[in-house]
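>>> here is my input, please return the structure:
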Amino acid sequence: MQESNTDVLILGAGVIGLSCAWYLLQCGRRVTILDRGRVGGGASHGNCGTLTPSHSAPLAMPGMVTKALQMMWRKDAPFHVAPRPDVELLGWMLRFAGRCNWRDFHAANRAKAKILVHSRGLIGDLVAAHGLDCDFAATGTLYVFREQRELDAFGWHLDSLRDVGIPVEERSAAQLRALEPCLRDSVIGGVFHPGDAQLRPDRYVAELARLVREAGGEILEDCAVEDFATAGARIDTVATTRGVWRAADIVLALGAWSPPLARRLDLRIPLQPGKGYSITYERPALAPRIPLVLKEDSVCVTAWADGYRLGSTMEFAGYDERLNRLRLDALRRGAARYLHEPEGPRVIEEWFGWRPMTWDDLPILGRSGRWNNLTLATGHGMLGVSMSLASGELVAQTMTGATPALDPAPYSPQRFHL
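Just a heads-up that it's a prediction; the model follows:
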């Protein structure tokens, strides 16, 4: 089998792998990216395209276990765990449950806020500096509510953002309808996050791939990694469907598919694939100007110049490749409760993808303690696009010995003994 050599071999051409490549190329490294499919074909493709420092709060918080159990038997619930015998999922859930306290919540909130805010700034700067064609807009995001008791109970969210210096503003029903005529009278109030932004994620990833190629990076699509050969504490070769590769450094950036491959290196990455869904339409006449989160139904709504998307939900069903129509229908029903025109005139795409969920809700970024030439860049949950450039920058700084822009400790693979 043909053997090829490179300086840095990145496994995964999603938004995280491309971000790592971009910063490594700026450091003078020679980079090759391999992907079993197409550029940005995974979770980077069909998400709602919001850049959200406002999402700094971790999923694990007091009361979440009770809430999850209540929703567990509803197959169309925003958060659903498919009952099945799965020892790894059980262990993940127990670890997650152990984090549902205020001490761990505040620690994770601080760490997520730092990487989200830094990445939001980097993405805005990159779009402006290189004229990226990706419908970027610094619009902020709006959370809207239909039930007063739910809005009243949301004070913890405002407190959590103010604790970490992220701006957040309350809005009345009248203010919301003035901002967004698309909202029905059923909306009673909400919260505005002025520091958030939006972009078209598939186009952003395509533009990032263009920058990587123009900077000298090589991207090889339809190239699946099959196995590794090791020598001592180093990965010697990477066997793929298109030949064998050697590299001075290897970056594992395969998102939710990182754990199966990492097992071949005797690494147990504590990720679960969290399945998310979206429906993309032609843009309706009365589309929102600001990305919305319809809170009681957990539906995200984003509109672009030539498109419109309903998305979200979290389904723990392993790597189940079926399109669960119950969950798509739940997106439609949820949107209809808040919006005058909940759907566009024509469906363009119905999509699902897996998010790489860690039980502490923080990404895994840094050198492996087991393999000297392996760096991990995975575990970004629902916020891969939002965290992308800060993650790539931190990985490059770690690999090149530069002073990191962020404290790397909260994201270190060593917290999982990797």
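
>>> can you get me a residue count around residue 91?
14 (other CB atoms under 10 Å). Just so you know, the C-beta spots here come from the backbone N, C-alpha and C atoms, and that holds for glycine as well.

>>> now do residue 384
26.

>>> I'd like the average pLDDT over the helix or strand harbouring residue 116.
Per DSSP states H and E: residue 116 is located in helix 102-130. Averaged across helix 102-130, pLDDT comes to 98.

>>> give the next helix or strand downstream of that helix.
Downstream of helix 102-130, the next assigned helix or strand under DSSP H and E is strand 141-145.

>>> tell me what that following strand is packed against?
helix 173-179, strand 189-193, strand 292-294 (3 or more CB pairs under 8 Å, 6 or more residues apart in numbering; DSSP states H and E).

>>> start to end distance for stretch 187-202?
End-to-end distance of stretch 187-202: 31 Å, with CA to CA, to the nearest Å as the criterion.

>>> okay, strands next: where are they in the stretch 251-400 of the chain?
271-281, 292-294, 299-304, 307-316, 347-358, 364-367, 374-378 (DSSP state E, counting those that start in this stretch).

>>> between these, which gets the lowest average pLDDT?
Mean pLDDT is lowest for strand 307-316 among the strands of the stretch 251-400 of the chain, at a mean of 89.

>>> show me how far stretch 253-263 is from its chain's centre.
Put simply, stretch 253-263 sits 15 Å off its chain's centre (CA atoms, centre = their mean, to the nearest Å).

>>> any low-confidence regions in the stretch 1-150 of the chain?
Filtered on pLDDT under 70, the stretch 1-150 of the chain yields the residue ranges 1, 68-78, 80.

>>> do you know how far residue 262 is from residue 364?
To residue 364, residue 262 is 10 Å away according to CB to CB, to the nearest Å.

>>> and the strands of the stretch 251-400 of the chain: which comes nearest residue 140?
strand 292-294 (10.8 Å; CB to CB).

>>> neighbouring strands of the closest one in the sheet, and parallel or not?
When pairing is defined by DSSP bridges, strand 292-294 lines up against strand 141-145 (parallel), strand 299-304 (antiparallel).

>>> got CSV for those, with mean neighbour count too?
What follows is those, written out as CSV (neighbours: other CB atoms under 10 Å):
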stretch, mean neighbour count
strand 141-145, 24
strand 299-304, 24
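
>>> for residue 237, find the nearest of these.
Nearest to residue 237, of the strands paired with strand 292-294 and by CB to CB, is strand 299-304 at 41.9 Å.

>>> list the contacts of that closest one.
Strand 299-304 is contacted from outside by 48-50, 135, 198, 200, 283, 287-289, 291-294, 308-312, 331, 334-335, 338-339, using CB atoms under 8 Å, 6 or more residues apart in numbering.

>>> please pick the buried ones from the residues you listed.
Taking 16 or more other CB atoms under 10 Å as the criterion, what is buried in the contacts of strand 299-304 is 48-50, 135, 198, 200, 283, 287-288, 291-294, 308-312, 331, 334-335, 338-339.

>>> I'd assumed residue 11 was in contact with residue 21.
No. Counting by CB atoms under 8 Å, residue 21 does not reach residue 11; the two are 11.3 Å apart.

>>> okay, the two: which has more neighbours?
A side-by-side neighbour count of residue 21 and residue 11, using other CB under 10 Å, places residue 21 first with 33 against 26.

>>> for that one, what are phi and psi?
Backbone torsions of residue 21, given as degrees, to the nearest 10, read phi -60, psi -40.

>>> separation between the spatially closest residue to residue 398 that is not a sequence neighbour and residue 333?
Take residue 398 and drop its neighbours on the chain: the residue closest to it by CB to CB, 6 or more residues apart in numbering is residue 366, 5.4 Å away. Using CB to CB, we find residue 366 at a distance of 42 Å from residue 333.

>>> same thing with residue 163?
From residue 163 to residue 333 the distance is 34 Å (CB to CB).

>>> repeat for residue 386
Between residue 386 and residue 333 the computed distance is 27 Å (CB to CB).

>>> likewise residue 170?
Using CB to CB, residue 170 is found at 27 Å from residue 333.

>>> next one: residue 168
28 Å.

>>> and stretch 214-234, average pLDDT?
pLDDT averaged over stretch 214-234 gives 96.

>>> ends of it, how far apart?
Per CA to CA, the first residue of stretch 214-234 is 30 Å away from its last.

>>> from the chain's centre, how far out does that stretch sit?
Relative to the mean C-alpha coordinate of its chain, stretch 214-234 is positioned 23 Å out (CA atoms, centre = their mean).

>>> buried ones in that stretch?
217, 219-220, 223, 225, 228.

>>> next one: stretch 99-115
99-100, 104-106, 108-109, 111-115.

>>> apart from its chain neighbours, what residue comes closest to residue 343?
Using CB to CB, 6+ apart, the nearest residue to residue 343 is residue 281, at 5.9 Å.

>>> how about residue 104?
Spatial nearest neighbour of residue 104, excluding adjacent residues (CB to CB, 6+ apart): residue 60 at 6.7 Å.

>>> that neighbour: neighbouring residues, count only.
By the criterion of other CB under 10 Å, residue 60 has 20 neighbours.

>>> for it, give me phi and psi.
The phi/psi pair for residue 60 (degrees, to the nearest 10) reads phi -80, psi 110.

>>> I figured it hits residue 102, correct?
No. Taking contacts as CB under 8 Å, residue 60 lies outside contact range of residue 102: 10.7 Å.

>>> just to revisit the earlier point, got the buried residues of stretch 99-115 as CSV, with distance to residue 249 columns?
As requested, the buried residues of stretch 99-115 are exported to CSV (distance: CB to CB, whole Å):
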residue, distance to residue 249
99, 32
100, 37
104, 32
105, 35
106, 35
108, 29
109, 32
111, 25
112, 27
113, 29
114, 25
115, 22
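
>>> of those residues, closest to residue 67?
Nearest to residue 67 among the buried residues of stretch 99-115, with distances taken as CB to CB, is residue 100, at 9.9 Å.

>>> which SS class is the closest one?
coil (DSSP: H, G, I helix; E, B strand; the rest coil).

>>> between residue 21 and residue 11, what contacts are shared?
Joint contacts of residue 21 and residue 11 (CB under 8 Å, 6+ apart) are residue 33.
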